[in-house]
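Predicted coordinates and the sequence they were generated for:
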Amino acid sequence: MKQALLTVEGNKLSVGQSKINRFPTLNAGASQALNFGRSVNPYDNTVVANQQVNSNNISLSSTVNLFSGFQNQLTIQQRQLNLKASQEDIGTTKNNITLGVIEAFANVLSNKALLSSAKSQYESTQAQIDRTDKLVQAGRLAITNLYDLRSQMAIEETNIVLAENNLELAKLSLTQWMQVDPELLQDVAEPNLIVEENVEKSAKEIYNLAQQNQPQIQAAKSRLFSAEKGISIAKSGFYPSLNFQAGLFTNYSSLAQRFVPGKVLSSPVYTPISSFQVKDLNGNLLPIQVNQVSFAGPSTIEELGYKDQLDNNLRKGFTFNLNVPIFNGFQNRYATENAIITKKNAELQLEQQKNQLRQTIETALANEKAARKRLQAVEKQLVSLNEAFRSSEKRFDLGVLNTVDFLLAKNNLSKAQNDKARYRYDFFIRRAVLDFYLGKELKFNQL
């Protein structure tokens, strides 16, 4: 039962997981790299030589499935059916335990009745020995009669020991079924068994009622529906899939630098850059000097800070990915064929469960009828055997009946009493099983 409950919990998690799969994913990533020698500066992708480059990459991305042949929705439905089947399995386990406890309970009652019968036979023989001893002393009976009765009492003492052992074993079996300490079970209350003719129902009528409430049938049906969903899931692989992805990305480099311009000057600075000479109209050489005019002070190069680089290098983007299956080694085709086989197997399992239920009900109905008739017959037999034994006892006391015939009558009565004890609780089991399949509440105090 506990294992079945754990299976249900696992299937609940599977259903929850399949529902969550419909939502977008969100992942963050970070990497740290340290390069030596000739490498690429990730800040501006320039090649640097004989330098150490320390760099980071940071990303945040999200992906959502927009369409995949309704695979997510079908998977949710399939796992919900698997959950329902596992919940029905709990009911099947409960029923098996119930029937096992009923049989063990009836076995205790049967052995208890057999022990009571054995003690009653022993007491009857003891009383008969006391009477016979007096008759032997009075000379009315031969002493061999007393010897025969004492031999019978020794057999009945052995029967009591065997009955006590069988009762203890039956109690042990009941406590094991109920998972309780054997020392806690001292005795069991005997139900009030009423043997009466009920309104007869055919095996077909009982089967039609039983298959509506028996959990093993419902579990098999759920697994069949789950297998049908499996075919649809496999066929969804033939459809195109569309995903949407969006992300944020940035990076840092230890070689990143930026140009810092000089300050604006109040008066320009002239810096000669070249000079040359030209001739005028008279042929005289005139010197010319070219200057660079600057309105700012000298510029500098400085390293970029970590936060500045993360801000400067931040980039965003999104992507639509369309995947159209054209050829993938017939994977979708084989997956679909396997799913069809799984469905056929589920159909066979459902049919097998129905057949087993029908056969069990047919057997239970036949056994219940036979047990009732057998019990009624032995009760009628007991009436006759009781009268026969009382008559034999009187004739034996008068000395007109030998010991062999007297013990034969006594043993016949004893056998019928034992048969009644067995048949009584055999009927109890058969009737309980039949009522169980009729959907009736099992009440052990009135059956």
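Structure's in. What do you need?

And the pLDDT at Asn445?
With respect to pLDDT, Asn445 scores 53.

Most remote residue from the middle of the chain, which is it?
Residue distances from the centre of the chain (Cα atoms, centre = their mean) peak at Asn282, which lies 114.3 Å from the mean C-alpha position.

Parallel or antiparallel, list what pairs with the worst-scoring helix or strand of the chain on mean pLDDT.
Counting by mean pLDDT, DSSP states H and E, the chain has its least confident helix or strand at strand 257-260, which shows a mean of 74. Next to strand 257-260 in the sheet, as set by DSSP bridges, lie strand 300-303 (antiparallel).

pLDDT of the helix or strand encompassing Val383, averaged?
Secondary structure from DSSP states H and E places Val383 in helix 331-398. Mean pLDDT, helix 331-398: 90.

and that helix, what other elements does it pack with?
Applying 3 or more Cβ pairs under 8 Å, 6 or more residues apart in numbering; DSSP states H and E, one finds that helix 331-398 contacts helix 71-137, helix 203-213, helix 215-235, helix 403-437. Every residue, glycine included, has its C-beta placed from N, CA and C.

what angle do that helix and helix 203-213 make?
For helix 331-398 against helix 203-213, the angle by axes from the mean of the first three to the mean of the last three Cα atoms, to 10 degrees is 130 degrees.

what sits against the closest residue to Thr360 other than its chain neighbours?
Of all residues not flanking Thr360 in the chain, Tyr437 sits nearest, at 7.6 Å (Cβ to Cβ, 6 or more residues apart in numbering). Counting by Cβ atoms under 8 Å, 6 or more residues apart in numbering, Tyr437 touches Ile206, Leu209, Ala210, Gln214, Leu357, Thr360, Ile361, Ala364.

For the second one, grab the count of nearby residues.
Translated: Leu209. By other Cβ atoms under 10 Å, the residues close to Leu209 number 15.

Kindly reformat the helices and strands packed on helix 331-398 as TSV containing distance to Ser254 and mean pLDDT.
Listed next are the helices and strands packed on helix 331-398 as TSV, based on distance: least, Cβ to Cβ, whole Å; pLDDT from 0 to 100:
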stretch	distance to Ser254	mean pLDDT
helix 71-137	45	89
helix 203-213	74	89
helix 215-235	51	95
helix 403-437	79	82
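
my read: Leu174 touches Ala104, true?
Yes. At 4.1 Å, Leu174 counts as touching Ala104 under the criterion of Cβ atoms under 8 Å.

Which of those two has more residues huddled nearby?
More neighbours surround Leu174 than the other of Leu174 and Ala104, with 22 against 18 (other Cβ under 10 Å).

Show residues contacting stretch 286-299.
Identification of contacts with stretch 286-299 by Cβ under 8 Å, 6+ apart yields 259-265, 268-280.

Return the distance of the host helix or strand of Leu169 from the chain's centre.
Using DSSP H and E, Leu169 maps to helix 143-178. Distance, stretch centre to chain centre, for helix 143-178: 45 Å (Cα atoms, centre = their mean, to the nearest Å).

Equivalent analysis for stretch 411-428, please.
A distance of 43 Å separates the centroid of the chain from that of stretch 411-428, by Cα atoms, centre = their mean.

now stretch 329-341
On Cα atoms, centre = their mean, the centre of stretch 329-341 falls 27 Å from the chain's centre.

How about Arg422: what's its closest non-neighbour residue?
Ser110 (5.8 Å).

what about the one you found, how many neighbours?
22.

List the contacts of it.
Ser110 makes contact with Ala170, Ala421, Arg422, Arg424, Tyr425, Asp426, according to Cβ under 8 Å, 6+ apart.

ok, which pair from those residues is furthest apart?
Pairwise distances among these were taken by Cβ to Cβ; the largest, 14.8 Å, belongs to Ala170 and Arg424.

Give the burial count for Tyr207, as a bare number.
By other Cβ under 10 Å, 21 other residues sit near Tyr207.

Surely it is in contact with Thr360?
No. Tyr207 is beyond contact range of Thr360, at 9.3 Å (criterion: Cβ under 8 Å).

Buried residues of stretch 175-186, list them for me.
Neighbour-count burial for stretch 175-186, counted by 16 or more other Cβ atoms under 10 Å, picks out Thr175, Trp177.

Dump it to CSV, keeping only the CA atoms.
Only the C-alpha atoms of stretch 175-186 are listed here, as CSV (Å, rounded to 0.1, in the frame of the first residue of the first chain):
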residue,chain,number,x,y,z
THR,A,175,-2.0,-10.7,12.4
GLN,A,176,0.4,-10.8,9.5
TRP,A,177,-2.2,-9.7,7.1
MET,A,178,-3.2,-6.9,9.4
GLN,A,179,0.5,-6.0,10.2
VAL,A,180,-0.1,-6.0,14.0
ASP,A,181,1.8,-7.6,16.9
PRO,A,182,0.6,-11.3,17.3
GLU,A,183,0.4,-10.7,21.0
LEU,A,184,-2.3,-8.1,20.6
LEU,A,185,-4.7,-10.7,19.1
GLN,A,186,-6.2,-12.7,22.0
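
can you count the residues close to Asn213?
Quick note: Asn213 (other Cβ under 10 Å) scores 12 neighbours.

With Leu224 instead?
Here the number of neighbours of Leu224 (other Cβ under 10 Å) works out to 21.

what's near enough to touch it?
Lys343, Ala346, Glu347, Gln349, Leu350.

Can you add distance to Gln126 and neighbour count and give the residues you listed back as JSON lines?
JSON lines is the format used below for the contacts of Leu224 (distance: Cβ to Cβ, whole Å; neighbours: other Cβ atoms under 10 Å):
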{"residue": "Lys343", "distance to Gln126": "71", "neighbour count": "19"}
{"residue": "Ala346", "distance to Gln126": "65", "neighbour count": "20"}
{"residue": "Glu347", "distance to Gln126": "66", "neighbour count": "15"}
{"residue": "Gln349", "distance to Gln126": "60", "neighbour count": "16"}
{"residue": "Leu350", "distance to Gln126": "61", "neighbour count": "18"}
